[in-house]
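Participant: One predicted model, sequence on top.
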Amino acid sequence: MKNKSLISITDFTPEEYYKILDLAEEFEKNPKQNLLNDYVIASLFFEPSTRTRLSFDSAINRLGGRIVGFSEATNSSVAKGESFADTIKTVTQYSDLIIMRHPLEGSARYASEVADVPVINAGDGANQHPTQCLLDLYSIRKTQGTLENLNIFLVGDLKHGRTVHSLLMALSNFNPVFNFISPETLKMPDEYKDFLNHKGIKFYEHTEFTDIISKADIMYVTRVQKERFSDPMEYERVKNVYVLTNDMLDGTKENLKILHPLPRVNEIDTSVDENPRAYYFPQALNGVYTRMAILSLILGIKS
Amino acid sequence: MAKQKEKLTVSAIKNGTVIDHIPAENLFKALSILHIDIMNTTITIGNNLESSRLGKKGIIKIADKQPSTEDMNKIALVAPTARINIIQDYEVVDKYNVKIPEQIRGIFKCMNPKCITNVEKMTTKFDVIEKDGKLQLKCKYCEKDTDQEHFETI
Ligand SMILES: [Zn+2]
């Protein structure tokens, strides 16, 4: 994995996922390791994303590395009209690895072609956010003991949600059964369903929560955003259908864990927070260990 | 008689290349893909010619030049039916059908307005995918598909 950029979850093999998860587990047990002492990491956020940036900052700081960069593009050379490629080529000279977030899709792949150092994609528009996917895998394996043969429920906006698409692609390597719960207009796109059919993976589609959730091992909830509806009436009709409340969890499996990429708005009622099945806050912490593992593998400090 | 006439249209140049059986509606796309506008040799173009296979077809004759098979295959995306005839001394000495390439660089635009390739000065890259008998271009950058109806040359 040394010097390999991480742009899309499909850039890495299932064996490499396991390598990352195993190392993340090691970091969770022993988080204070000064492995990045001599390293400078560029953190280029062409659009703000406080949550992701702080998670990476925390991972780098725990490893003793140093950070250069910016948290939004307004005060950077980008605002002065420099081409994106030139910005990346320049930053390459200052750092051992680039972490970048950018509103344009494909920007991270392009950066990895232009840069002399490896690039980690921290989100390129609606396209990819692979470190989120890896921390999701870490959370799933940690709570279920395995990635294999799980019944995975994906809930909310399945049309636009890049996290659910990446997760679907990654988990397709581990013989899952999928259940999709979403409004008609925000259904899982055909290309992903075709992909599952092609791989012989079973999936079922629902438009509301039913008893079917008693089968779930993992319930991955995403936001249903008002902006995504062309018809505001339809949003009003469905907005409360996709709110998970604590009483709905009666009769679900003991091992069920509820995940959410955060920030949540109201799709998971706060009454769920006290339920032992709620896992979205520990999931966020897992992001730090996972990113520590990804950084040290790509920099070749761990192998 | 008809056959003889056909032969005549194809071999009307002494040496060079004849691209036949281009769907009439895509003749100009094929011309732009091959950069025929900047070639300095004699070019003859015919369009809306009768074709038993295509209804209406286009034809391009390039005198004294033989573009590479690789270049010719680039027009397969807009003219999969195109047939290439290599002419020497008024005779067809070689002919082949264009083949759809697996990958394509440049030429086409990604239809995703949020794709980096539509903002930065850079070369587009696509994987060519066939789905339900239609072609799609999968962008190497934004990973989105551009379907055949939206093929647009740069
Ligand atoms: Zn694109």
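Facilitator: All right, it came through fine.
Participant: give the contact list for the spatially most central residue of chain B.
Facilitator: For chain B, residue B:75 is the residue whose C-alpha lies nearest the centre (Cα atoms, centre = their mean; 2.2 Å). Residues near residue B:75 by Cβ atoms under 8 Å, 6 or more residues apart in numbering or on different chains: B:19, B:22, B:29, B:30, B:33, B:34, B:82, B:98. In this view, the C-beta of every residue, glycine as well, is placed from N, C-alpha and C.
Participant: Mind doing that once more with 10 Å?
Facilitator: B:19, B:22, B:26, B:29-34, B:60, B:67, B:82, B:84, B:98, B:107 (Cβ atoms under 10 Å, 6 or more residues apart in numbering or on different chains).
Participant: Confirm it sits in a helix?
Facilitator: Yes: counting by DSSP: H, G, I helix; E, B strand; the rest coil, residue B:75 is located in a helix.
Participant: any idea of the mean pLDDT in stretch B:35-42?
Facilitator: Averaged over stretch B:35-42, pLDDT sits at 87.
Participant: Oops, could you answer that again for stretch B:96-111 instead?
Facilitator: On average, stretch B:96-111 scores 94.
Participant: Could you tell me how far it lies from the centre of the chain?
Facilitator: Offset of stretch B:96-111 from its chain centre (Cα atoms, centre = their mean, to the nearest Å): 9 Å.
Participant: residues contacting the residue in chain B that chain A sits nearest to?
Facilitator: For chain B and chain A, the shortest gap (Cβ to the nearest Cβ) falls at residue B:141, measuring 2.6 Å. By Cβ under 10 Å, 6+ apart, residue B:141 lies in contact with A:7, A:104-110, A:113, A:124, A:127, B:110, B:112, B:115-118, B:120, B:122, B:124-126.
Participant: And residue B:78, by the same measure?
Facilitator: Applying Cβ under 10 Å, 6+ apart, we find residue B:78 in contact with B:22-23, B:25-30, B:32-33, B:107-108, B:135, B:148, B:151, B:153.
Participant: What count of nearby residues applies to residue A:232?
Facilitator: Applying other Cβ atoms under 10 Å in any protein chain shown, we find 9 residues neighbouring residue A:232.
Participant: Domain map for the chain?
Facilitator: Picked chain A for this. The record's domain parsing of chain A by automatic domain parsing lists A:9-128+A:285-298, A:130-283.
Participant: try chain B instead
Facilitator: Under the assignment automatic domain parsing, the domains of chain B span B:16-97, B:103-150.
Participant: For those, give me JSON lines that also has distance to residue A:132.
Facilitator: Converted to JSON lines, the domains of chain B look like this (distance: least, Cβ to Cβ, whole Å):
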{"stretch": "domain B:16-97", "distance to residue A:132": "35"}
{"stretch": "domain B:103-150", "distance to residue A:132": "16"}
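Participant: Nearest residue to residue A:89 in space, please, no chain neighbours.
Facilitator: Distances taken as Cβ to Cβ, 6 or more residues apart in numbering or on different chains place residue A:114 nearest to residue A:89, at 5.9 Å, with adjacent residues excluded.
Participant: How confident was the prediction at residue 133?
Facilitator: Defaulting to chain A. Residue A:133 carries a pLDDT value of 97.
Participant: try again with chain B
Facilitator: 84.
Participant: check contacts around it.
Facilitator: Counted by Cβ under 10 Å, 6+ apart, residue B:133 has contacts residue B:148.
Participant: for chain A, what are the nearby residues on chain B?
Facilitator: Residues of chain B lying close to chain A by Cβ under 10 Å from any Cβ of the partner chain are B:110, B:112-122, B:124-125, B:131, B:139-145.
Participant: Could you rerun that using 7 Å?
Facilitator: Counting by Cβ under 7 Å from any Cβ of the partner chain, chain B comes close to chain A at B:112, B:114-117, B:119-122, B:139-143.
Participant: What's the ChimeraX line that selects buried ones from these?
Facilitator: Of the residues of chain B next to chain A, the buried ones go into a single ChimeraX selection, burial set by 16 or more other Cβ atoms under 10 Å in any protein chain shown:
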select /B:112,114,115,116,117,120,122,139,140,141,142,143
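Participant: before we move on, back to that, now go through the contacts of residue B:141 and say which are in strands.
Facilitator: A:124, B:125, B:126 (DSSP state E).
Participant: I'd like to know which of the residues you listed is nearest to residue A:60.
Facilitator: Comparing those against residue A:60 with Cβ to Cβ places residue A:124 closest, at 20.3 Å.
Participant: Is the closest one in contact with residue A:105, as I believe?
Facilitator: Yes: counting by Cβ atoms under 7 Å, residue A:124 sits close enough to residue A:105 to count as a contact (5.4 Å).
Participant: Which one's more surrounded, these two?
Facilitator: residue A:124 (30 against 26).
Participant: Number of residues surrounding the closest residue to that one other than its chain neighbours?
Facilitator: Setting aside the residues directly before and after it, residue A:124 is nearest to residue A:108 in space (Cβ to Cβ, 6+ apart), at 4.5 Å. Neighbour count for residue A:108, taken as other Cβ under 10 Å: 30.
Participant: ditto for residue B:113
Facilitator: 9.
Participant: Contacts only, for residue B:17.
Facilitator: By Cβ atoms under 7 Å, 6 or more residues apart in numbering or on different chains, residue B:17 lies in contact with B:62, B:65, B:66, B:67, B:84, B:86, B:87.
Participant: ok, and the closest non-adjacent residue to it?
Facilitator: residue B:62 (4.7 Å).
Participant: roughly how far apart are that neighbour and the ion?
Facilitator: Plainly put, residue B:62 is 32 Å away from the ion if you go by Cβ to the ion, to the nearest Å.
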